[in-house]
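J.: here's my sequence, what's the structure:
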Amino acid sequence: MSDTITWLDVNSWQFNLAGRCILVDPWLVGDLVFGNASWLIRGIRPQPVAIPPQIDLLLLSQGLADHANPATLESLDKSIPVVASAAGAKVATDKGFTDVTQLVPGQSHRLGDDLLIEALPGAPVGPLAKENAYIVTVLTTGLRLYYEPHGYPDSDLASRPPVDVAITPCVSLVLPVLGPVIRGGEGALELAQKSKPQWLLPTADGGDVTYDGLIAKFLTATGGVDAVRSQLTQANLPTQVKTLRPMETLTLDLQPQTIPT
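T.: A predicted model of the protein is given here:
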């Protein structure tokens, strides 16, 4: 079977790798609300996303509701194994999941003999705390996928083997006074320079999702796919930006840059 990835809109992804299904940061049902404050910001899906019939792992990069979505987690089988950041692991445990592995940057987790999941530093969520980024490696082929949804690539990526597919924002979202919520344009170029991906896939965009509430009125979006493509060209990087529509599947028919040992 071919390895594939499917964009489920916003930050939600389905990785089908080495015959296993990994659901990444799933928001599949209900509205997106932070702390029951729908007046502040609310994300609205036009319709729920069908839950895959077989899920081998939940992978959560953060504990916020757009990554560890409470309504979605409540809808899932609690016996599904979870790998998560510290904050994501707490949400999953509170929701009743029984097999939860917390990873801090530098730690890794094997899914059978086929996949290796490595945690890296991700987005800052306060003056001292950071959430997770991940590299998922298909051990039989060497295919490497990087995922971080807020545009904060770790500086140590440059000393690691290159990744084949990088999933990162291409749009920057900025709030007055507070600054960037998502740093897509800058982060995408930095990531490409450090990790040399063959393909770069945008995340965090709301394809079919709409937002309302107070914060939504003040968010300013800059950058985007065309801007990132221009930056890559100017930097003489061969990385291709691949855009997907919600629910679209991409076959990973590319030759891995790292040979498995």
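J.: partner residues bridging the closest residue to residue 182 other than its chain neighbours?
T.: Excluding the flanking residues, the one nearest residue 182 by C-beta to C-beta, 6 or more residues apart in numbering is residue 173, at 4.4 Å. The way it works is simple: take the backbone N, C-alpha and C, and place the C-beta from them, glycine included. Listed by DSSP bridges, the beta-bridge partners for residue 173 are residue 182, residue 221.
J.: just for the chain, where's the confidence low?
T.: Residues of the chain that meet the criterion pLDDT under 70 lie in 32, 35-40, 176-180, 206, 214, 216-219.
J.: the lengthiest helix in it packs against which elements?
T.: As assigned by DSSP state H, the longest helix anywhere in the chain is helix 184-195. Applying 3 or more C-beta pairs under 8 Å, 6 or more residues apart in numbering; DSSP states H and E, we find helix 184-195 packed against strand 165-169, strand 171-175, strand 199-203, strand 220-223, helix 225-234.
J.: ok, 6 Å please
T.: strand 165-169, strand 171-175, helix 225-234 (3 or more C-beta pairs under 6 Å, 6 or more residues apart in numbering; DSSP states H and E).
J.: any buried residues in the first one, and which?
T.: What it means is strand 165-169. 165, 166, 167, 168, 169 (16 or more other C-beta atoms under 10 Å).
J.: the third one pairs with what?
T.: In this structure, residue 167 has the following beta-bridge partners (DSSP bridges): residue 147, residue 201.
J.: which one of the buried residues of strand 165-169 is nearest to residue 55?
T.: Minimum distance to residue 55 across those is 18.5 Å, recorded for residue 167 (C-beta to C-beta).
J.: need the contact list for the closest one.
T.: Residue 167 is in contact with 147, 201, 203, counting by C-beta atoms under 6 Å, 6 or more residues apart in numbering.
J.: what lies in contact with stretch 43-63?
T.: So stretch 43-63 is contacted by 8, 20-25, 28-29, 31-32, 67-68, 80-85, 87-88, 91, 111, 131-132, 149, 208-211 (C-beta under 6 Å, 6+ apart).
J.: quick one: buried residues of that stretch?
T.: Residues of stretch 43-63 classed as buried: 43, 45, 49, 52, 55-63 (neighbour count, 16+ other C-beta under 10 Å).
J.: among the buried residues of strand 165-169, which one lies nearest to residue 137?
T.: Of all those, residue 137 sits closest to residue 165, with 11.3 Å by C-beta to C-beta.
J.: the closest one reaches residue 199, doesn't it?
T.: Yes. Counting by C-beta atoms under 6 Å, residue 199 is a contact partner of residue 165 at 4.9 Å.
J.: now the contacts of residue 167 as TSV including distance to residue 236 and neighbour count?
T.: Shown next, in TSV, are the contacts of residue 167 (distance: C-beta to C-beta, whole Å; neighbours: other C-beta atoms under 10 Å):
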residue	distance to residue 236	neighbour count
147	25	28
201	21	21
203	25	26
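J.: and which of the residues you listed is nearest to residue 258?
T.: When the contacts of residue 167 are ranked by distance to residue 258 (C-beta to C-beta), residue 147 comes first, at 17.0 Å.
J.: pretty sure the closest one contacts residue 132?
T.: No. Here residue 147 does not reach residue 132: they are 9.2 Å apart, not a contact under C-beta under 6 Å.
J.: residues touching the closest residue in space to residue 33 that isn't next to it in sequence, list them.
T.: Distances taken as C-beta to C-beta, 6+ apart put residue 42 closest to residue 33, at 5.5 Å, once the chain neighbours are dropped. Residues in contact with residue 42 (C-beta under 6 Å, 6+ apart) are 31, 33, 212, 213.
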